[in-house]
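Q: any chance you could fold what I've pasted below:
(2 chains)
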Amino acid sequence: MTRTGPGVLLIVTAALTGVLCCSPALAANPLPDEASPPAAMVWTAPDQEAAKKRAAEVVPFVLAVMDECRLCRQQRLRDMGLSVQDQSESYSLLDSPIIRETEDHYGPVRFMHAKHAGVTKDCALCHHYRPLDEAASETVRCSACHQEPFQKDHPERLGLKAAYHQQCMGCHREMDKGPIDCRGCHRKNVPDHKDHLQLVEGAGPFQVTAECLRCHKPAGEDMLKSAHWLWKGPSPYTLDHRKDVELGKATIATNNF
Amino acid sequence: MGLNRRNFFKLVTAAGAAVAGSDGAAHAWQSRAPSDSVGCLVDLTRCIGCRKCEEACNRVNRLPPPDRAFEDLTLLDKKRRPDERTYTVVNRHVSGEIDARDQLVPTFVKLQCMHCQDPACASACIVGALTKKENGTVHYDVSKCIGCRYCMVACPFEIPAYEYHDPITPRVMKCTFCYERVHSENKLPGCAEICPVEAITFGRRSDLIDAARQRIKKNPGRYIDHVYGEKEVGGTSWIYLSGVSFERVGFNALPETPIPRLAESIQHALFSYLWSPIVLFGMLGGVMWASKDKRDRSGNGKKGGGQ
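A: Predicted coordinates for the structure are as follows:
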């Protein structure tokens, strides 16, 4: 309950402000009132807000790391008594201003930290180096070392985006588990179609479909191979009559663009 | 007769060879590669063939929309080349290597203009539309281009393409190395910026060669000991690292001498101090003088028709 608190509070506040703002216009235009419930019903994870805040933080850059082999590191973590049970967060949002600066084609990944730690049972797999600074914590987040790509002082240190992708996809491929395609982890940020549409005012259904097909040509071709287009059958009322009629999208159905 | 046809050719060849030899030594061909150029290192072992670089290239350079979406990876089934609508393409090559699960390991190869240190296209260009910029870019200036397409013939990587479909204002099309973005706006090239796995590393060419050598040294099993483009055709701004031999993933084995070297040394040797035109016209004058002399004598009628 304490975890869901802020989220619920936020939604309630948002709804209240929405209603308050719209109330003068309510009598004239009931549309905002109808539009608000679906917005509130969009599911968000309980600690989404906290995760968002964490993701937006920029942590101090780690200049130097301790150079040790993965097995030594694994052993050291084990000796210190650090294990996968010690993590505080169930999931993290792999979102960062560093990536956002150049990239907004995909939504951030909701990374299930606890689940991955439980499956791999090895912190050193991802937390592969330790900051050389003694005061720093033993395991730091990826963005402490991996920040902007192609830094002059650290030529071989990957940028944050590449570090995520190489780590995640490399491991998924190696373990033959988990997605290795873009949409497997990311939600695509669909571009605003308002900028792309070239429709005249009052366009008919044929023009609208033609406009969609201008860019989404393969989608149209796929549709022509699907049951939605190919369904066909005799009309029961005309069966065994002199003029029996084959109904179907591709024959004489209405609503045929 | 002192100067018949055979003797004339002998004389010209001998004179030509003598002067070309001495002059060639005097004016040895010099590379005009910029010392502090930028480049890109493409690590073929990192590339995942997502075609995001093609998409970014298309967007950044405002190229015409593609026939098939950039998400459509079935395009990789066929080998493609950069053309007048695409500056860069990714091809999938299968070297025959098999991974732990009996799957063929693909190698994805991004192709684009290599931005040679001594570009053959710029050397072949008769109007200077193609130039090697100080930052390493081989830059194309459409306002100077006359459309002779010598650059397309000269390029050892067969990169420049031509807008044959446009009869009025055709252009030669090739990767611009995002010249405006890199030079003026201090940004990364579109492809290097979007690459999700940093298969394309952008930086100073000398640093990239060091980085490539480091990667080979640290992962000798992962890479073959060859940085393609470090020495090929005298060096290119785009260099490649691979896990399989470059010949098996579509790269041509090219000589280490810059392509313009031979043609330019011959040309410069021939035209230095304008000696060759002087010799040629001198020879022609000699021939004229000799034949005039002969006609005069035969015209006097003392010796009849022939000799």
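Q: so what's the residue of chain B found nearest chain A up against?
A: Chain A sits closest to residue B:198 of chain B, with a gap of 3.4 Å, by CB to the nearest CB. From N, CA and C alone the C-beta is placed, and that goes for glycine too. Contacts of residue B:198 were listed using CB atoms under 8 Å, 6 or more residues apart in numbering or on different chains, and they are A:149, A:158-159, A:161-162, A:166, B:43, B:46.
Q: give me the subset of these lying in helices.
A: A:161-162, A:166 (DSSP state H).
Q: filter those down to the ones near chain B?
A: By CB under 8 Å from any CB of the partner chain, the members of those lying near chain B are A:161-162, A:166.
Q: what about residue 152, neighbour count?
A: Just going to use chain A. Residue A:152 has 8 neighbouring residues, counting by other CB atoms under 10 Å in any protein chain shown.
Q: please go with chain B instead
A: Going by other CB under 10 Å, the residues that sit close to residue B:152 add up to 16.
Q: so it sits in a helix?
A: Yes: counting by DSSP: H, G, I helix; E, B strand; the rest coil, residue B:152 is found in a helix.
Q: what's the closest non-adjacent residue to it?
A: Spatial nearest neighbour of residue B:152, chain neighbours left out: residue B:160 (4.7 Å); criterion: CB to CB, 6 or more residues apart in numbering or on different chains.
Q: the one you found contacts residue B:174, correct?
A: Yes: the pair residue B:160 and residue B:174 qualifies as a contact (CB atoms under 8 Å) at a distance of 4.6 Å.
Q: that older thread, buried ones among the ones next to chain B among the ones in helices among the contacts of residue B:198?
A: A:161-162, A:166 (16 or more other CB atoms under 10 Å in any protein chain shown).
Q: include distance to residue B:217 and pLDDT when you put those into a markdown table, please.
A: Compiled in a markdown table, these are given as follows (distance: CB to CB, whole Å; pLDDT from 0 to 100):
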| residue | distance to residue B:217 | pLDDT |
| --- | --- | --- |
| A:161 | 26 | 93 |
| A:162 | 21 | 94 |
| A:166 | 20 | 94 |
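Q: state the distance from the residue in chain A positioned nearest to chain B to residue B:211.
A: Of all residues in chain A, residue A:162 sits closest to chain B, at 3.4 Å by CB to the nearest CB. Counting by CB to CB, to the nearest Å, the separation of residue A:162 from residue B:211 is 14 Å.
Q: do residue A:81 as well
A: With distances taken as CB to CB, residue A:81 is found 38 Å from residue B:211.
Q: try residue B:82
A: For residue B:82, the distance to residue B:211 - CB to CB - is 25 Å.
Q: more neighbours: the two, which one.
A: Using other CB under 10 Å as the criterion, residue B:82 and residue B:211 rank with residue B:82 on top: 23 against 20.
Q: residues in contact with that one?
A: B:88-89, B:111-113, B:159, B:161, B:174-175.
Q: as CSV, those with neighbour count would be great.
A: Below are the contacts of residue B:82 laid out as CSV (neighbours: other CB atoms under 10 Å in any protein chain shown):
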residue, neighbour count
B:88, 22
B:89, 20
B:111, 23
B:112, 26
B:113, 25
B:159, 25
B:161, 19
B:174, 26
B:175, 25
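Q: out of the residues you listed, which sit inside strands?
A: In strands, judged by DSSP state E, the following of the contacts of residue B:82 are found: B:89, B:111, B:161.
Q: which ones are touching the last one?
A: This points to residue B:161. Contacts of residue B:161 (CB under 8 Å, 6+ apart): B:82-84, B:152, B:172-174.
Q: try it again with 6 Å
A: B:83-84, B:173 (CB atoms under 6 Å, 6 or more residues apart in numbering or on different chains).
Q: which among the residues you listed end up buried?
A: B:84, B:173.
Q: quick check: beta-bridge partners of residue B:239?
A: Judged by DSSP bridges, the bridge partners of residue B:239 are residue B:41.
Q: my read: it touches residue B:42, true?
A: No: using CB atoms under 6 Å, residue B:239 is not in contact with residue B:42, being 7.3 Å away.
Q: and the two? Which one has more around it.
A: residue B:42 (28 against 24).
Q: look up how far residue B:119 lies from residue A:127.
A: For residue A:127, the distance to residue B:119 - CB to CB - is 46 Å.
Q: more neighbours, the two?
A: Higher neighbour count among residue A:127 and residue B:119: residue B:119, with 30 against 16, using other CB under 10 Å.
Q: please name the nearest non-neighbouring residue to the more buried one.
A: Using CB to CB, 6+ apart, the closest residue to residue B:119 is residue B:138 (4.8 Å).
Q: so what sits opposite the one you found in the bridge?
A: residue B:132.
Q: is it correct that it is in contact with residue B:118?
A: No: under the criterion of CB under 6 Å, residue B:138 makes no contact with residue B:118, lying 10.1 Å away.
Q: out of the two, which sits in the busier spot?
A: residue B:138 (28 against 22).
Q: ok, the more buried one - contacts?
A: B:115, B:119, B:132.
Q: and stretch B:242-249, C-alpha only, in CSV?
A: Output of stretch B:242-249 as CSV, limited to C-alpha atoms (Å, rounded to 0.1, in the frame of the first residue of the first chain):
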residue,chain,number,x,y,z
SER,B,242,36.2,-8.5,-38.8
GLY,B,243,36.1,-12.0,-37.3
VAL,B,244,36.3,-13.7,-40.6
SER,B,245,38.5,-13.1,-43.6
PHE,B,246,37.5,-9.9,-45.4
GLU,B,247,37.4,-11.7,-48.8
ARG,B,248,34.6,-14.0,-47.5
VAL,B,249,32.4,-11.1,-46.5
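Q: in that stretch, what counts as buried?
A: B:242-244, B:246, B:249.
Q: now swap in stretch B:79-96 and tell me
A: Buried residues in stretch B:79-96, counting neighbours by 16+ other CB under 10 Å, are found at B:82, B:84, B:86-93.
Q: over to stretch B:47-67?
A: So, applying 16+ other CB under 10 Å, buried residues of stretch B:47-67: B:47-58, B:60-61.
Q: quick one: which of those residues sit in helices?
A: Those of those lying in helices (DSSP H): B:52-58, B:60.
Q: pipe those residues into TSV and attach distance to chain A and pLDDT per row.
A: TSV is the format used below for these (distance: CB to the nearest CB, whole Å; pLDDT from 0 to 100):
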residue	distance to chain A	pLDDT
B:52	8	95
B:53	13	96
B:54	14	96
B:55	9	95
B:56	9	95
B:57	14	96
B:58	13	96
B:60	12	95
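Q: returning to that earlier point: didn't the residue of chain A closest to chain B look like it was pressed against residue B:200?
A: No: using CB under 6 Å, residue A:162 is not in contact with residue B:200; the gap is 9.8 Å.
Q: and the contacts of stretch A:51-65?
A: A:92-93, A:95, A:129, A:131-132, A:143-145.
Q: which residues in the chain form strands?
A: Picking chain A for this. Counting by DSSP E, chain A has these strands, from start to end: A:65-66, A:92-94, A:109-111, A:130-131, A:232-234, A:246-248.
Q: chain B is the one I meant
A: B:38-43, B:89-98, B:104-111, B:130-132, B:138-140, B:161-162, B:172-173, B:200-204, B:238-241.
Q: and those, which one is worst for confidence?
A: Lowest mean pLDDT within the strands of chain B: strand B:89-98, at a mean of 91.
Q: can you pull the residues of the stretch 101-250 of chain A lying near chain B?
A: A:102, A:149-150, A:155, A:158, A:162, A:165-166 (CB under 6 Å from any CB of the partner chain).
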